[in-house]
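1. sequence unknown, structure follows:
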């Protein structure tokens with residue numbers, strides 16, 4: 001499950017997400033449909049770790065991934081150690 005709780009994010013001094021909260025159950029297919037400039041891309045960038053939220057929480061499978069870089073947000077592969085090696 002993916003959950004965003006009251007997430008706020010900025011590009012520089014420009015607020016691009018203002019308190020977004022949503023919950024996506026495991027296995028669900030979701031579409032973000034908002035007006036232009038409403039924060040669809042910013043929300044996905046925050047989940048992917050490309051934008052660090054200034055407040056709020058992003059949880060993936062119960063694990064807090066708020067502000068983690070993208071390579072650290074994936075769950076470990078089955079049978080692998082939970083810590084990923086870095087290059």
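-> Nice, I can see it. Quantities reported herein were computed from a predicted structural model and do not represent experimental measurements.
2. quick one: residue 55 and residue 6 touch, right?
-> Yes - using C-beta atoms under 8 Å, residue 55 makes contact with residue 6 at a distance of 6.9 Å. Every residue, glycine included, has its C-beta placed from N, CA and C.
3. so residue 49 touches residue 9, yeah?
-> No - Residue 49 is beyond contact range of residue 9, at 11.5 Å (criterion: C-beta under 8 Å).
4. Find the centremost residue of this protein, please.
-> The residue lying closest to the centre of the chain (C-alpha atoms, centre = their mean) is residue 47, at 1.6 Å.
5. leaving aside the residues next to it on the chain, what's closest to that one?
-> residue 58 (6.0 Å; C-beta to C-beta, 6 or more residues apart in numbering).
6. and that neighbour, bridged to which residues?
-> Per DSSP bridges, residues listed as beta-bridge partners of residue 58: residue 4.
7. Tally up the residues packed near it, please.
-> 22 (other C-beta atoms under 10 Å).
8. Could you do residue 20 as well?
-> Here the number of neighbours of residue 20 (other C-beta under 10 Å) works out to 21.
9. next one: the helix or strand harbouring the residue nearest to the centre of the chain to chain centre, how far?
-> If you go by DSSP states H and E, residue 47 is part of helix 40-48. Average the C-alpha atoms of helix 40-48, do the same for its chain, and the two points are 6 Å apart (C-alpha atoms, centre = their mean, to the nearest Å).
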